[in-house]
Structures are given as C-alpha cells and as structure tokens.
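J.: Quick one: sequence plus predicted model below, questions after.
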Number of protein chains: 2
Amino acid sequence: MTEQHNTISVDSSEVAFAVNYPPSDIDELSESYGDSKSLIHRRVEVPEEVVEPGQLNILSAKYESLDYDICENHLLLDEERKKGRKFITRKNLERWFIFLLIGVCTALIACVIDISIEQLSEIKYASLSKCVDKYIIVGKLYIPYFLYVLYNIVPVFIGATLVAFVEPIAAGSGIPQVKCYLNGVKVPQVVRIKTLLVKSIGVVLSVVGGLAGGKEGPMIHSGAVVAAGISQGKSTTFKIDFKVFKHFREDHEKRDFVSGGAAAGVSAAFGAPVGGVLFSLEEGTSFWNQSLTWRTFFASVISTFTLNVVLSTYHGVPGNLNYPGLLNLGQFEHFSYQIYELPIFILMGTVGGLLGALWNFLNFKLSVWRIRYIRNKWLRVIEACLIAALTATVGFLMMFLINDCKPLGQDPTKYPTQMYCGDGEYNVLASIWFQTPEASVRSLFHDPPNTHNAVSLLVFVIGYYLLSCTTFGLACSIGLFIPSLLTGAAWGRLIAVGLLKLFPDATALVHPGKYALVGAAAQLGGVVRMTISLTVIIMETTGNISFALPLILTLIAAKWTGDFFNEGIYDTHIQLSGIPILPWEPPPFVHNIYASEVMSHPVVTLKTVDNVGHIVELLRVTTYNGFPVVDPPHEEHGNAVYGRLRGLILRSQLIVILQRRLFTETCEDWEQITASIFRDQYPRYPTIDQVCITEEEKTFSIDLRPFMNPSPYSVLHSMSLSRMFRLFRALGLRHLPIVNDTNEVIGMVTRKDLARYRVWRHQGRVGVEELLISKEL
Amino acid sequence: MTEQHNTISVDSSEVAFAVNYPPSDIDELSESYGDSKSLIHRRVEVPEEVVEPGQLNILSAKYESLDYDICENHLLLDEERKKGRKFITRKNLERWFIFLLIGVCTALIACVIDISIEQLSEIKYASLSKCVDKYIIVGKLYIPYFLYVLYNIVPVFIGATLVAFVEPIAAGSGIPQVKCYLNGVKVPQVVRIKTLLVKSIGVVLSVVGGLAGGKEGPMIHSGAVVAAGISQGKSTTFKIDFKVFKHFREDHEKRDFVSGGAAAGVSAAFGAPVGGVLFSLEEGTSFWNQSLTWRTFFASVISTFTLNVVLSTYHGVPGNLNYPGLLNLGQFEHFSYQIYELPIFILMGTVGGLLGALWNFLNFKLSVWRIRYIRNKWLRVIEACLIAALTATVGFLMMFLINDCKPLGQDPTKYPTQMYCGDGEYNVLASIWFQTPEASVRSLFHDPPNTHNAVSLLVFVIGYYLLSCTTFGLACSIGLFIPSLLTGAAWGRLIAVGLLKLFPDATALVHPGKYALVGAAAQLGGVVRMTISLTVIIMETTGNISFALPLILTLIAAKWTGDFFNEGIYDTHIQLSGIPILPWEPPPFVHNIYASEVMSHPVVTLKTVDNVGHIVELLRVTTYNGFPVVDPPHEEHGNAVYGRLRGLILRSQLIVILQRRLFTETCEDWEQITASIFRDQYPRYPTIDQVCITEEEKTFSIDLRPFMNPSPYSVLHSMSLSRMFRLFRALGLRHLPIVNDTNEVIGMVTRKDLARYRVWRHQGRVGVEELLISKEL
C-alpha cells in the first residue's frame, strides 16, 4: 500500500517533471523573472531493465509515513467534551509513568545483555588463553586456533540464523531504522517485540562470537522497541491486551514514546542522559516539544540510574554507582590540553574524516555487492560464519606474528596470555584480542604509555579497520560504535607514540590516552557524521566536560572532511534501502519548483456522502492511503470541475467504518460510536479483502463527515517546493492536498514527492538531484 | 504600528468572540456534535475605566512579530539564480565565522564585566573589613555602617540612573526579553548596542553596589545583543556600516544568530555550553534546525573556551583552564549519594517549589505596586538607592547581632573581619556579606561542615530571601540566578545541619555542600521553572554528571509544586508586560474554536496592481503591518465579493517601494532592482509620513507581484484554533490570511489572536482563558 504519490515506472521515459500542471499567471510571471531550474541536477538517463539493487538514487515505494498529524474529527471533539479537564491531567500522569517504565525496562534489558556478554566472554577467553599457553609448549598451536574459530563460529551461526530466518530487520545496529521511524517513516516490523527478542539474543551472540562490533547501536533500537511496546499496553505478537494506555494507541503518541525510548537506549548504552535526549532531538524532532523533551530526559536519567544500580550491585559494589552505561570508558579527569595542541586535534579530525569516508565507501561497495549477490538466507548465514572465522584468523595471526611482549603486572586483561613471551611477560596483541572490544577500547585509553609499540598498533589498526568494515552489514545484530572507537583509539595512540618520538620531552603532556580519545572521536565522527549528540555522548561517557573544545573541533573537522566525499554510513544505508527520509531543511534551489509540478494527479477523491460499493471498489483498485473528501463535483461550462476540499480520510478509517458497518441507512446507535473504535484496531488494520461487504450493503452510503479530518492542511498549486517542504516537515504531515484557486483538489503531495528532491553534495559543490521512485526495491 | 488584529477596545462590551463569521456547513455539523466551548473560562466582565496596569489577563497591542517566514518573492529567486551554488557555500562559511565572532566577543565582554566586578569589589570589601575592625575598638560602628551604605548607594545610583534615563529595557536580567525575542516577538530596543552598553555598565555597578543579584542573566542578554550586532555588520546607533554580512539583514537570519548569542551568553555565564544550546532550544526554537544547533554549540564552546583562556591568564595560571564560566562553583567530584537519600531530595524540591512560588507571588505583588506607583524615573532611581541602603543595613545588622565566630585558617574570604570575635577568629556572617554573592555561594557549597551554625543560616535565609525578592524588578541590570542559588544553598545547608542533628553518625554521607547544591537547585527551579536546560546548566556548572538523577528529581518536584500555585517568574513578568508570547503547544479545548471566530475582519487588502495614492492613504490611516494582495474583487449576484488571495506584502516593503518610486509608469531600470533594496533599510524603515509622494505620483500605480510573498501560508475559515496555532508556531509566521471556500481573503490572524487563548492552571485544574488586547498597556 502506498500513499497517493507519483510512482514513476522505471521504464518510462518521463522521469523528471513527469507531471506538468498548466502554469497559472503566477507561474508565467515566474518564467519571465528567470528560471533557475537549470541548477537542478536531473538524472535523465533511465535504466533499461529492472532497477539494479544498490543504487542510491531510487526511493522505494513501499515505505509509508506515520500519521503524526492529529485527525481532529468530530468523534475526537466529542470525546474531549465528554471527558473534560480531569482526563487531560490523567493522561499526562500516565505519560510520565510510561516514561518511567521505559527507562527502567530499557536499563534492565541492557543489564541482561551486558551480564550475559560478560559471563560468556569470560568463559571463552579464559579457556582460549589457557589453551594457547598449554599447546604452545608442545608446538600444536593449530589446536587453540581451531578452538578460537569454533568459539567464534558457533554463536555467530546461531545469531545469524535467528536474524536471517526470524527477523531480518534485526540485522545491524538498528540506528538507521530508528532514525527513519523518528523521522516519520513507518518502517515495517521495526518496533515489534519479535524484533526486540531477536536483537537482544543476536547481539549477545554476535559480541560473544568475537565479531568486530558492539552492543550500543542495538541497545538504542531495543529502547525504541521497549517504548513502543509499553506505551501501547498490548502486544500483537503475543496477542495480549493489558487494557491499559488505550488512549496512546495512535501514531502520534507512539512516535513520541519511541523518541523517549531511543533516548533511554542511548542513555543506557553510554551513560549519557543528555546525549540521549539530543540524539532523539537530532534524529527525530521536527517540532520542538518542551514537555516531550523533559519527559524524554526523565526516562534517560531513570535508565542510566537503573543500569547503574543493577550493574553496581552485580559487580559487588552496590553503593558506588560507577556504572552509568554499558560503555564504560573509565575516568578521564586527569586530561588537560594546551592551546597549541588544538591544531593537532583538528588534523586528527581530518584524518578521521578521511578514514571514515574511505570506510563508508568500502562498506557501501560491499553492501551493494551483498544486495546483489547474497540474497539467499543461507548464504547470509554462511557469510557471517566466514567473517567470524576470518576475525579469529586475523586475531590469531597478529598475536602469533607480532611478538610484542610487556611485563606482567599492568596487564589489562584477567587472563594474560604468554605466547612466545618470556616468563613474567604477556603478549600485548593477545590481550587486545582475548577480551571484548569494549575492554580493548578501555585499555587503549588508560594503559600507561609504552604499553603498545608502534608496529603492533599499526597492524592492529589496519586489520581491525578492514574487519569492522566487512562486519557492518552482515546478518548479525551488531553496531559500529565500538569498532570505530577501537580503530580510532588505536591510531590515536599511534600518533601519540609518533609525537613522543618527535618531542621526547613532552611526556608530561602527550598522554597517549588523550590522543586515543581524540582519535576515537575522529574515527567515529568520520563514519557516522553525527554532530552535537555525538559530542555530548563522548563528553558524558568520558565524564570530562572541560574536554569539550578539543572534541567539538575534532568532530567538526571529521564531519567536514568526510562530507566532502560522501554521506554518513547510516544515511548511506538508508539511501540504499530507498527509505524516503526527509532532511532538516528543504534542498536549495527549489524555490521555483511549484506544487503543481511535484504533486501526483489526477487525484482520487471521495464525496462527503459516498456510496459503499464505490468506496470498496476504490480501496480494492488503488493502493492509496489517504483520500481527499470533496463536495460533489459538478459540470460547468462543459468542463469537468474538481470537487471542493472538505476533509481528508485515511484508508484505515474507511476500513474500520466498513467493518463496523457505519452506514447511513442501517446504523442506529450513533451514540455508541466514539473515537476509540479506531484506536481499538491500531496498529494493524485488516485489508479491504478481509472485510466482507454484501451486495446489498454496497448500495448503502456512508457520511464521511464525522470521521474525516475536517480541516487538513492544504496548499495552493502555486506554492513553492521549499515552502511545502517546511510545512510538511514541521507538522509531520502524511498527505498534503493541493488545491486550485477555487479550493478544488487537483493533486496530492506525499513524503516521497518531497524526498525525491535531494541535496547533492560532491567535493564541495552543492546541488539538487531528483530521485526515481520504484516499486521493485 | 500593529499587525492586523482584533484590537478589542477596553470599553466595548463585546469582548469574547466579538467577531462571528456566519457558520458554514461544517460549523453547523460541529454544533450538532456537541459544544465544548463551555470548557473555556471566559472573562466576560469588562473593566469600566482604563486598563489598570498590573493585570495578567491583558495583551499589549504594541508588540509585533518577527518576519521569520522567508518572503520568496521574485527578486529572491532572481538573486538565487544569479549567484548560484558558490553563493550558498560562501554564506554558510560566513555564518560559521560569525558564530565564532559571537563566541569570542561574548566571552570578552563577560571577562571585562567579571574582572571589573572583582577588582572593584575587592577594593570595597577590603576597605570595609578594615574599617569595621578599626572602628569597633573605639565603639564607633556607625562609621563603617555609613561607609557601607555609601559604598552601596553610589554605584547603584549611577547604574539606576543609566537604566532609568538612558535605556529602561536594560533593567532586570533581560532573560524575559530574550525569551520573547527568541519566541518571535519584536521587543523594541532589546538587541541594540545602547542596551548592551547600559546593561554591561549597569550590571557591574549593581553587583559592586552589593544588591542581591548576579551577573548571569545580564550576560545572556549581552550575548544576544552581541550576536544581533555582529551578524548585521552595522550599527544604527553609531551610524557605522561595515558593508559586511549584508545578506543576513533580515529577521530570519538575525533571530537565528541571536539564539546562538543567547547560548554563548549562558555558556560564558555558567561554563555550560550544552546548557546554553538547550536554553536556546527551550526558549526559542519552534522548528528544530540541525545546522543552526550545531553552529550554536560551536559558539557556546568557543565562548566558554575564550573566557577560560582570558580568566586563567588573568588569574596567573594561563595553562590551567579552570575558569570555564563566570559562575565558578568549584569541583564537586567527591559527591555521591545513596538511593535512600532520593526522597529527601524530592522533599527539598517540594520545599523549593513552595518557597519559589511564594517568592514569585511576593515579587508579582511588588511589581504590580511598582507599575502603579513608581512610574516617575527619579522615583525608580530613589527606590533602587533605598534598596541598596536596606541591603547594607540588613547585612550590617546580621553581622552585628549574630556573633557566629569561627577560627581563622579555613576562612572563605581574603579579608576576614573580626568584629566581636576573639583573636584568631572571624565573623562568619561578615565573611558572607563582605564578598560578592557568587563567592558566598561557593563558600556555602564548599566550606567544611560546621562552618555555619543553624541560627546564622536561618537568619541569612530569611533576610536574603526577602532582599532578593525586593531587588528583582528594580531599575538595575541584575539577575536572579545568584540570589536564588544563594538562598537555596543556605537553606540546603540548614537542612544538612538538621539532618546531622537527627543522625549524628551520618557525617560521612551528609556533606553539607551536597545539600546546599540540592537546595540551590530547588530554590532556583522553584523560581524560574526552567526544565531540561536548568538541569544541564547545573550539571555542567558543578562538573558532576553522576549527580543528574538527584538534580532532575529535585527540579521536577520544584517545578510541579511551584506550577500548582503560579507561573515562573519570567513568565509572570512577560504577562505583566502583556507580551504576546506563544507557548509550545496550543491550549487544550480549542479544537472547536474556528478561524472565523478568531480572525480579525474585515481585512484591508491591496490589489495586485494598485494605485499609489490608495497605498499611501492605507498606510497612513491603518496601523497594519501586512496586507493580503488580492485579485480585484468584483460584483456577483449583487453581492460584494472578496478578492482572491494572490500574495502578502509587508508595510516595510511598501515603504521601500514608495521611497524608491518603483512605479509602473516611471521606473525604468528594473534590472537594477534586487532583493537587497529591502535589506539595505533593515531593520529601521521610515514611517509613511517620512516618505514624500507628490500629488502627481499618487496617480501612478505599483505592480506588487514581484515584491510580494507569492504564496503565503493561508488556511480556511473552518480550520480549528489548535491547528492554526501549530502552523503559526512551527513556521514562525507573522500573518496568516484566512480564506473562504473560494480562496477569497475574509480575515487575518496574527500572533495576538492566538496568544489571547491561554492555558490557565490553578491548583491542579486546567482550562483556557481568553485575554483582552489593549493599546493602553
């Protein structure tokens, strides 16, 4: 099902500006004042065959918008009038309570994931470490190697099977999907309980399986699902209805809760409540809503607090509260910087931007290859297992080939591996590999200077960089924050080693941990290109506010450098899926593209009182989700006249009306019909084929006026694209009827019609390109 | 001048719903579906005489909206087409550069203010301290007392004279005014250089004068003015035009820069860059703009960094960077809390809410009294001097009457005063009074336990609470953050003293400084009722992220308790001034108030090509700022028909057109006319009387089409108030034309028409009240 939009069939030759409504006076005037449409970069070449998967310039027709705009129909007014003031107060209190629950539940799930990973990893790496030191004496190193491979493959196999066969959307970090949902796109399955289960189990198995990834991204996704689940008070998967929170069963409320859940997820993952709020705002908010933000912050704080209490108790220090987040980077209080270090940080940011852009490019190429050739589910599982084996091989080769030994005592892991080192020493690379990636990041930040030598670091950077790049996009629930941080921390430390070689006297200042932190920020910034939320998350994770300036300069440098070449990795993956996400601002140079050129037309309308048979037929033959309701059109001067806009009705509403048989002729107890009849069915309405309408009933009629949205936002055909965009984005619309001078509906604009015009940046130049819309993707 | 709105003359008897457009079909239907208008609390009683000043239910007609909506006329399109892509890139770089300048300049001003206050205060309190100890021996304590009074009165006199006679808007903290500006209200004079000068000098004099206030609020205002000044590249006050940044000379850009400046101000004041960004967002943003937020954050970070460098250098520790903000509360790292302390914090929050609500109530009553009786400028100056003397008297009485002595050594001030204490001891209250309030807050947070005894604290709390309440609202540039923090810190410490009496074993846990911090947060939260930004500001100022949960719980408790009784102090003052600020969300129960009931009509329109004489006449006789441009109306069926909406033109644009004589008949070089002709005059356009139009010219005509906004957002008369509100707020509109079914303009809605419907909360009940609009206020 699609909203009413302009599906351009891919073999058509009319791609750009296929719809050209006759220009009005104003259009003509605009022509005389000059045409800047030449600034738009049109892709006129049309693919001959089916759409090749892996293109970035195609929007998929399968994604819908959320109904964020509240339908103020008469049923709603009626309800409001009856329930009065107390109802509003109660609803508000319930909202706070739900946000409390979201915070607590998200944190508990995070704790379960964290503790499982820790326990299982400990068993795995302890036995591996022992095994290495046992068989190295007898020269049978292939035994620990095969054990390592086995330990990696088994969990990854289970995890990948779950993802590939049970819930494919649980693959990856989930951040792109959450981003899209917060942006207003209804990504199927993204906030369902099944997804949460697969994601949670999958992330434990993937991390235990030693893949180059982390649990932070999946944590954010989990928070979003928790929020969607709790706020609805029912589960469609388990067919349970707790009969609570019924008034929140609509897209508007649900999206608000999900933004709180995502924030709570960030908060639990990084111990960053403010960063969580900013993440939600940056990704999701079009319209700033103070009370929502305040509640979101509450959920975030509750989430980090609950996690802290549980993890502190688990670690045997119940009063200490030293575990605010899953990613625990330790204390950075001793860090300080000098002004003349700032250029170095900016330079490191640039390096991070370059490396990040390259990473994104490689991952993009790999993803395209995957989309084209790894389509079979078993192939996806096998691929994941191969990468798991590869990870073990790379790790083993590194510790085998590079004999970087350090004396025991300050060893960063519980089970130091001796390998070929002398007695009382341990192998540095084995200690990096034989622990979870988070622990490795912590080691790189806090190990004393000289723990790692330059060669080990360099080899590790190259290996891990490529491994993490191949890992992201596998059929495993795993995120890329940690591998990016780890790679960045390693090359950051490498730079510190280099600086200390150049200026041997600067040991007091060049703390390798500080450079590791800047490197980590630069690498992560170069890959994900988040701005303020990432800065604040890193500030909060390290607990160091005074380090804000180095971080922000590094991240600005990384973002600008990276943006010069390509988009952030999340945006790349969103574009690959063809999801019609709307950016924050309208693209430039679209002031003189008018609604009449963008809209889809002719538009299918309903009359205020329409025939049941006609409605059923319309729902069957079209895939549209919203229909303008108009006064009956009449003939005038021999020309067909469009109907005058009276309202807007959704497919889901029509289905419910048909199902309940609210026909003018037969329905009698109008008093019983309240706004809740629509909420009862939310969010999964039957299709039109599941609703049985007899032939007799098809002769009846329906008065749509009590149900429809009586005053949808509509604009004139002469409205510019940029102004339409702002209206659409700021109010979270789904359908925007386009009317002519006499208020008659002549077209419809939906998300895809606007998302088609995309900013196009390449090597410092800016333009606009027009995307194709395809049903094939 | 006013926008087109519904000025209800106060002696009219038609206050509520004065305008009733004949209901359409939809309206009738709505009637049949029930009327919840009874939920609106209408004030039907109309004052008989002139409006009494000091009422909260009146909006002043004198405040205008900013033109935030971009006028996409043909000149703009033309400009864009000509300048192309490079222009957009250059504009973007310029924006970053301006934000850098804003950060640096705001910080430098903050440094100058801070250093001046510190130097002058040191001289003042050193000499006072010496004087006391000198004359106490000879029993002539009246001499230091008079000296104290003199030291207070002289600077306050100068400061108050400046404020009262030069720039009255520089009085107070400036936060309410900045809030309104960010909300989209054009508060006269608020971002002018003269205001900045008076404010900066005034705040130094007021703080040195010993008034119970701080420099943080004025700092935020200063940041806003700096931003407005720099971004325009010219000063009207000094008649200088630097010929730079010309493209930013419009309300939209200026407001964006001001939001960055306010954030930089917060950042400089509290060392809280993230808090600054959140302050700007909370107060100003309707539509979240990622790039603006990111730039704002950059300015904030630069601001705290610059301040840090300058102040560290000034204090002789250039490398240390320990002075991130003006308000330096020291390190709180040793604070930790137990879960069972949380209820105590919530209780303290409630106390803070109660005390804050009482403070607001007292200040409100006092402000009303001031508005009614202290109208003369000299009276205002005398009042300020009297309060300055009173402050000295209260302080002196306290240190004289309460002989709280502590041994020297851990004394918090440079010049400990002995008073009646024994040798080697100092008078605690003298040390609190003989320093700036900030230093006192720091003392209360960090002094070791037992520094203050319960009686001194109690007396100090009562005294300072009342003093700060009388001080806010004087004709002095001074803020209320510090006095609120000081009062709260004092009673927080008092609670710690009480707890230690109850549980003498808990000394390890009950650190008085921790309770002082919670008390300070509670008191400040109870007074200002800010939410997320205040939490983050306190978190950043104290540098303690782990203390987020106690703070947020305290602030929630304080806000909820306070909101039960009245509004935050800033909102109260905004309401007293009758400024039509728009809240974040539409009030409840306005789904069934329709545009036709809210709009002002009949509406004054212009034709697309109109006669010069007619335009001049219209501008002379009306005070409207925006005119719908319509097709010439014609007669139909004997009835006058309204004109069809074609565009919207502003008074300022008409003035420029007239001044430049862009008449169809005479103007020839149309090529020379660019969008910049409007920016050249910004922001102060001549009045219509300053434009000379000859009688001959009055017969000419003007084609408005190239200049007008060709597609203003407009809505149908049947649109509900809540939907109009969302549209207006989210897009930052100034004029919203209301059209009928055939797109003919029948009315106009402006900010005041929407701001008139205000949420009304009283003791847990919620409703809507309708305000009056008055030209008298």
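T.: That came through, no problem.
J.: Tell me where the stretch 401-550 of chain A has strands.
T.: In order along the chain, the stretch 401-550 of chain A carries the following strands (DSSP state E, counting those that start in this stretch): A:405-407, A:425-427.
J.: which one of those lies closest to chain B?
T.: Checking the strands of the stretch 401-550 of chain A against chain B by C-beta to the nearest C-beta gives strand A:405-407 as the closest, at 31.3 Å. All C-beta atoms are positioned from the backbone trio N, CA, C, and that covers glycine.
J.: just checking, what packs against the helix or strand that contains A:Phe99?
T.: Element membership for A:Phe99, per DSSP states H and E: helix A:74-135. Under the contact criterion of 3 or more C-beta pairs under 8 Å, 6 or more residues apart in numbering or on different chains; DSSP states H and E, helix A:74-135 touches helix A:142-161, helix A:193-208, helix A:216-232, helix A:251-270, helix A:290-314, helix B:25-32, strand B:765-770.
J.: In the first one, which residues are buried?
T.: Spelled out, that is helix A:142-161. Neighbour-count burial for helix A:142-161 flags A:144-145, A:147-149, A:151-153, A:155-161 (criterion: 16 or more other C-beta atoms under 10 Å in any protein chain shown).
J.: show me which of those residues neighbour chain B.
T.: Checked against chain B using C-beta under 8 Å from any C-beta of the partner chain, the buried residues of helix A:142-161 give no members in range.
J.: Pick the one among these closest to B:Ser600.
T.: Proximity of the buried residues of helix A:142-161 to B:Ser600 was ranked by C-beta to C-beta; the top entry is A:Gly159 with 64.4 Å.
J.: wait, the closest one sits on A:Leu205?
T.: Yes - between A:Gly159 and A:Leu205 a contact is recorded at 3.4 Å, counting by C-beta atoms under 8 Å.
J.: Overlap in contacts, those two.
T.: A:Cys476 (C-beta atoms under 8 Å, 6 or more residues apart in numbering or on different chains).
J.: what about stretch A:594-610, average pLDDT?
T.: Averaging the model's pLDDT scores along stretch A:594-610 yields 89.
J.: Pass me the low-pLDDT residue ranges in the stretch 51-200 of chain A, would you?
T.: Applying pLDDT under 70 to the stretch 51-200 of chain A flags the ranges A:51-53.
J.: Residue of it closest to chain B, please.
T.: A:Arg81 (3.4 Å).
J.: How about the stretch 651-777 of chain A?
T.: A:Ala730 (3.9 Å).
J.: Now for that residue, which secondary structure element holds it?
T.: Counting by DSSP H and E, the element that carries A:Ala730 is helix A:721-731.
J.: Following element in sequence after that helix, please.
T.: As assigned by DSSP H and E, the chain's next helix or strand after helix A:721-731 is strand A:735-739.
J.: Rounded mean pLDDT for that next one, please.
T.: Mean pLDDT, computed over strand A:735-739, is 94.
J.: Could you spell out the sheet neighbours of it, each with its direction?
T.: Paired with strand A:735-739 in the same sheet, following DSSP bridges, are strand A:715-716 (parallel), strand A:745-750 (antiparallel).
J.: ok, now how distant is A:Leu494 from A:Thr391?
T.: According to C-beta to C-beta, to the nearest Å, A:Leu494 stands 21 Å off from A:Thr391.
J.: Look at these two and report which has more neighbours.
T.: A:Thr391 (27 against 23; other C-beta atoms under 10 Å in any protein chain shown).
J.: For A:Tyr685, give me the pLDDT.
T.: We have a pLDDT of 88 for A:Tyr685.
J.: Grab the nearest non-local neighbour of it.
T.: Here the nearest residue to A:Tyr685 in space, its sequence neighbours aside, is A:Ser652; by C-beta to C-beta, 6 or more residues apart in numbering or on different chains that works out to 4.6 Å.
J.: Now for the one you found: which residues touch it?
T.: Applying C-beta under 8 Å, 6+ apart, we find A:Ser652 in contact with A:625, A:678, A:681, A:685.
J.: how about low-confidence regions in chain A?
T.: Along chain A, segments meeting pLDDT under 70 span A:1-53, A:285-288, A:319-321, A:333-335, A:410-413, A:634-641, A:760-767, A:775-777.
J.: Give me the domain ranges for it.
T.: Dividing chain A into domains by automatic domain parsing, as the record does, gives the ranges A:25-63+A:584-774, A:113-314, A:339-576.
J.: From the opening residue of the shortest one to its closing one, how far?
T.: Meaning domain A:113-314. End-to-end distance of domain A:113-314: 13 Å, with C-alpha to C-alpha, to the nearest Å as the criterion.
J.: quick one: it to chain centroid distance?
T.: When C-alpha coordinates are averaged (C-alpha atoms, centre = their mean, to the nearest Å), domain A:113-314 and its chain have centres 12 Å apart.
J.: Same check on the first one?
T.: When C-alpha coordinates are averaged (C-alpha atoms, centre = their mean), domain A:25-63+A:584-774 and its chain have centres 26 Å apart.
J.: again with the last one
T.: Centroid separation between domain A:339-576 and its chain, computed with C-alpha atoms, centre = their mean, is 22 Å.
J.: ok, is that domain in contact with chain B or not?
T.: Yes - Domain A:339-576 reaches chain B (C-beta under 8 Å from any C-beta) through A:339, A:531-532, A:535-536, A:539-540, A:543, A:545-546, A:548-549, A:552, A:556.
J.: farthest-separated two in those?
T.: Checked with C-beta to C-beta, the residues of domain A:339-576 next to chain B reach their widest spread between A:Ile339 and A:Glu540, with 24.4 Å between them.
J.: of those two, who's got more company?
T.: Neighbours per residue (other C-beta under 10 Å) separate A:Ile339 from A:Glu540, with A:Glu540 holding more: 26 against 12.
J.: tell me the contacts of the more buried one?
T.: A:270-275, B:545.
J.: can you pick the most crowded of those residues?
T.: Per-residue neighbour counts (other C-beta under 10 Å) across the contacts of A:Glu540 peak at A:Pro273, which has 36 neighbours.
J.: returning to that earlier point: could I get the helices and strands packed on helix A:74-135 as a markdown table with distance to B:Arg758?
T.: Formatted as a markdown table, the entries for the helices and strands packed on helix A:74-135 read as follows, by distance: least, C-beta to C-beta, whole Å:
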| stretch | distance to B:Arg758 |
| --- | --- |
| helix A:142-161 | 55 |
| helix A:193-208 | 42 |
| helix A:216-232 | 29 |
| helix A:251-270 | 23 |
| helix A:290-314 | 16 |
| helix B:25-32 | 23 |
| strand B:765-770 | 6 |
